[in-house]
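J.: Fold the following, please.
(one chain, ligands or ions: 1)
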Amino acid sequence: MRNRLRFLILLLSAGMLAAACTGADGGDPGGDAAGDGSYPRAETLFTSGTQWGPPSNWNPIMNWTYATGTVGLVYETLFLYDPLTDEFEPWLAEKGDWTDDTTYEVTLRDGLTWSDGKPITAEDVVFTVNLGEMESVPYHPLWEFLDSAEAVDDLTARFTFKEPRYQQWANWVYFNPIVPKHLWENKSEEDVTAGANEKPVGSGPYLYETHDQDRQVWKKNDKWWGKEMLDLDVKPTYVIDIVNTSNEAALGQLLQGGIDLSNNFLPGIATLVKGGYQLQTYYPEAPYMLAANTTWMVPNTTKAPMNDPKFRQALANSVDVGKIVNSVYGQIVQAADPTGLLPIWDKYIDKAQVDRLGYSFNTGKAKRLLAQAGYRDTNGDGLVEGKDGAKIDLKLATPSGWTDWNEAARVIAEGAKAAGISVTSETPADTVVQDMRESGEFDIILDNQRQMDNTPWRYYEYVFGLPVHKQQTTVNYGRYENAQAWALVNQLDGTKIDDLAGMKAISSQLQRIQLTDMPAIPLWYNGLWAQASNAVWTNWPSAEQGGPNYLPTMWRGYLQRDAIKMLTELRPAEKK
Ligand code: MG
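T.: Residues are numbered from 1 along each chain as shown. Alright, predicted model coming up:
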C-alpha cells in the first residue's frame, strides 16, 4: 500500500503543477508528521492548508496571521453567517436589531462565560468595538460612521451611528471576534495589534493545548456554552493543524490518512477523488470546489493604452478562460461570470444586462473592438500599435512559484497575441509583485480578493474604492477613478440588508459601469480548496442532498462563516 501510494505521489507530482508557496520538497510525505501517537488518533482531527509558518500568535485581532483556529475555535463572534443560505445565525448574541435608522442593539445570550470562568457581558462587546478606535486595528474604519458604543445593561449593547452603513455593520457582527475586557483592557496598542497573546482565553468549543514548529494543538472545551444552549457538540477531542511544508507533502499525508482535511491547493485532485482513495470534495464532479473568491486581470488604468476602456474590453474578449479552467486547473475552478460576482451573489446579477454587455472569449470580436477604437498594426508584425504609432508590449506580472497563475498568464498572453495585443508574461518574486501593485508600477497583474461575504458591497468596494492613493494597499490596484461608481458603492453600503430590491437596483448600475468600463476583468473563481479523507472521520460537508452543507474549511475568517458547524457533524469512521 505504502509503495503504491508513493509511486502515485511521484506520478502526480510530475504531472502536477506545484502550487503557490511551495517550499521544501516532499521528502517522505507520509512520514510521522501527522501522527506522533500522543493523541488518540480516533479522537483527533488533523487539518492543514492555512498555516505557512510555525504558529507565532494567538491574537484574534491579527486576522491575517493568527494560529489556525484562534478565531472560531477559541474566540467567537456575535453571529455566524452562512454564505450558502445567506442567513445570519445568532451565536454569542441572542439577537441584534436596528431599533431605529441609526441605532443598533445587540443582546447577548444569558449565562455565557469566558474559559477562565468570568461572565461574558455587554461590556466585553463594547470594549471590543472600542478597540477599533486604535488606528492599527483592522476594523478602525468602523469609527468613520459609528458615533458611540455603550452597555445598556449586562446583556445589551447599544451602537449609535453617525451614518448607518448597514451592509458594513452586518459584515462586522459576524466577522470580528469578541475579546474579554478584563484580560485586554491594560494592553497597549502595540500589544493589541501585534502581541502574541499566548495562552488565549476565549469562549469557544476548544482551548489552547500546545503548539510546536510544525503544529497547533487545540483541546475540546467541555464547558462550551453551545452544548447546552444550542444542543451542538464538536466531535473531535483534539484538533491539530499541521503547518504546510509543501502542497505535495499535504497530498501525501492526506492519502495516507495522516491529514483528515486538507485546505491546500492540490491540482490533480479530481483524478484522486474518482480513484477510490476515500477522498472527497464538496462537489463529486467538476468544479469539485466551492467558489471562494474572484480572480481578476487588473490593467493599470493610468497607463496607455490600458487607460482606454475600449482597449480593456478588447483585452477581456481575448482571454481563453475555458483553457485556464480545463488545462491549468484540471476543472477544479469555474469560469467567472462577466460581473465577477461569486455564485453566492447570483441573485444580484442583472442577467439581461450581462447578456447585452458581457464578454466571452472571442478573438474576432477583440480584433474588431481594437479596430473600432483606432488601434492598428502599422508595421505589419501582426500586433497593434498605439494610436500614436508607439509599440505596445504589455507586461503581465504573476508571482514566481505560483505556477497555476504563471500558467494562466501564459494562456492570457497567447490569447492577447492572437487578437493582436502583445502581452508578455513575467514572474518576479512575490514580494516584488506586491510592491508593484501597491506602487502602481505595473501594466497588468492578476489579483484575487473578496471572499464569500454577506454583501456584494464588499466586492464593489474592492473594484471601485476611492480615493486612489500613491500607495494602494488593499483595493482598486488598477487605480480606476469613477466618482459616480464610488457614490453608488456607498449608497449600497447604506442600504438596509433586508432591502433586496434596493441592493439589486444599485448593484445593477455598478455592473453596467463595470461591464462597460472594465476596471478589473473577472476571469475565474478561485476555489475553496478542500479535500477530506474518510479514513478516520466521515460525514464531511458536501453538496449532496441531506448531508451537512457547510463550508469545508479551516481558512482564517471561515469558521465564523458557518464552517465551525462542520466539526459538530463529523462522525468517527467505522473500524475495519
Ligand atoms: Mg505592429
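J.: For the closest residue to residue 540 other than its chain neighbours, list the residues it contacts.
T.: The shortest distance from residue 540 to any non-neighbouring residue, by CB to CB, 6 or more residues apart in numbering, is to residue 532 (4.1 Å). From N, CA and C alone the C-beta is placed, and that goes for glycine too. By CB atoms under 8 Å, 6 or more residues apart in numbering, the residues touching residue 532 are 260, 261, 262, 279, 280, 281, 540, 552.
J.: Quick check: the gap between residue 532 and residue 473.
T.: Per CB to CB, to the nearest Å, residue 532 is found 35 Å from residue 473.
J.: Please apply the same query to residue 231.
T.: 44 Å.
J.: Same question for residue 539.
T.: Separation of residue 539 from residue 473 (CB to CB): 41 Å.
J.: The two - which one has more neighbours?
T.: Taking other CB atoms under 10 Å, residue 539 and residue 473 do not tie; residue 539 has more neighbours (16 against 9).
J.: Any idea what the nearest residue to the more buried one once chain neighbours are set aside is bridged to?
T.: In space, residue 539 comes closest to residue 571 once its chain neighbours are excluded; the distance is 4.5 Å by CB to CB, 6+ apart. Beta bridges link residue 571 to residue 538 when assigned by DSSP bridges.
J.: start at 5 instead
T.: Got it, first residue is 5 now, which makes that one residue 575.
J.: Any idea which residue of the stretch 105-254 of the chain lies closest to the ion?
T.: Minimum separation of the stretch 105-254 of the chain from the ion (CB to the ion) falls at residue 251, amounting to 41.0 Å.
J.: Residues contacting stretch 315-324, please?
T.: Residues outside stretch 315-324 that contact it (CB under 8 Å, 6+ apart): 301, 303, 305, 309-310, 363-367, 369-371, 373-374, 377, 379, 415-416, 418-420, 422-423, 425, 521-523, 525, 527.
J.: How far away from the center of its chain is that stretch?
T.: 26 Å (CA atoms, centre = their mean, to the nearest Å).
J.: mind saving the C-alpha coords of it as PDB?
T.: Listed next in PDB are the C-alpha coordinates belonging to stretch 315-324 (Å, rounded to 0.1, in the frame of the first residue of the first chain):
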ATOM      1  CA  PHE A 315      -8.800  48.600 -25.200                       C
ATOM      2  CA  ARG A 316      -9.700  46.900 -21.900                       C
ATOM      3  CA  GLN A 317     -12.800  45.400 -23.500                       C
ATOM      4  CA  ALA A 318     -10.700  44.000 -26.300                       C
ATOM      5  CA  LEU A 319      -8.400  42.500 -23.800                       C
ATOM      6  CA  ALA A 320     -11.300  40.900 -21.900                       C
ATOM      7  CA  ASN A 321     -12.600  39.300 -25.100                       C
ATOM      8  CA  SER A 322      -9.200  37.900 -25.900                       C
ATOM      9  CA  VAL A 323      -8.800  35.600 -22.900                       C
ATOM     10  CA  ASP A 324      -9.500  31.900 -23.300                       C
END
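J.: near the ion, which residues of the stretch 305-454 of the chain show up?
T.: With CB under 5 Å from the ion as the criterion, the stretch 305-454 of the chain meets the ion at residues 381, 383, 385, 387.
J.: among the residues you listed, which ones are buried?
T.: residue 387 (16 or more other CB atoms under 10 Å).
J.: For the protein, which helix or strand comes out least confident on mean pLDDT?
T.: Between all helices and strands in the chain, the lowest mean by mean pLDDT, DSSP states H and E belongs to helix 6-19, at a mean of 43.
J.: Tell me the helix or strand right after it.
T.: strand 48-52 (DSSP states H and E).
J.: got the contact list for that following strand?
T.: Residues outside strand 48-52 that contact it (CB under 8 Å, 6+ apart) are 38-39, 72, 240-248, 254, 257, 262-268, 540-541, 558, 571, 574.
J.: Among those, name the ones in strands.
T.: 242, 243, 244, 245, 246, 265, 266, 541 (DSSP state E).
J.: Which strand residues bridge the fifth one?
T.: For residue 246, the residues forming beta bridges with it (DSSP bridges) are residue 52, residue 219.
J.: For it, give me its contacts.
T.: Residue 246 sits next to 37, 38, 50, 51, 52, 55, 218, 219, 254, 257, 263 when contact means CB under 8 Å, 6+ apart.
J.: Which of the residues you listed has the largest number of neighbours?
T.: With neighbours taken as other CB under 10 Å, the top of those is residue 263, carrying 31 neighbours.
J.: Count the residues that sit near the residue nearest to residue 538 when sequence neighbours are not counted.
T.: Of all residues not flanking residue 538 in the chain, residue 282 sits nearest, at 4.4 Å (CB to CB, 6+ apart). Residue 282 has 16 neighbours, counted by other CB under 10 Å.
J.: what's the distance between residue 282 and residue 264?
T.: From residue 282 to residue 264 the distance is 11 Å (CB to CB).
J.: got any residues that touch both of those two?
T.: 537, 539.
J.: Mind putting the contacts of residue 246 into JSON lines with pLDDT and distance to residue 115?
T.: Formatted as JSON lines, those follow (pLDDT from 0 to 100; distance: CB to CB, whole Å):
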{"residue": "37", "pLDDT": "42", "distance to residue 115": "41"}
{"residue": "38", "pLDDT": "45", "distance to residue 115": "38"}
{"residue": "50", "pLDDT": "98", "distance to residue 115": "33"}
{"residue": "51", "pLDDT": "98", "distance to residue 115": "31"}
{"residue": "52", "pLDDT": "96", "distance to residue 115": "36"}
{"residue": "55", "pLDDT": "94", "distance to residue 115": "34"}
{"residue": "218", "pLDDT": "96", "distance to residue 115": "38"}
{"residue": "219", "pLDDT": "97", "distance to residue 115": "34"}
{"residue": "254", "pLDDT": "89", "distance to residue 115": "41"}
{"residue": "257", "pLDDT": "92", "distance to residue 115": "41"}
{"residue": "263", "pLDDT": "96", "distance to residue 115": "37"}
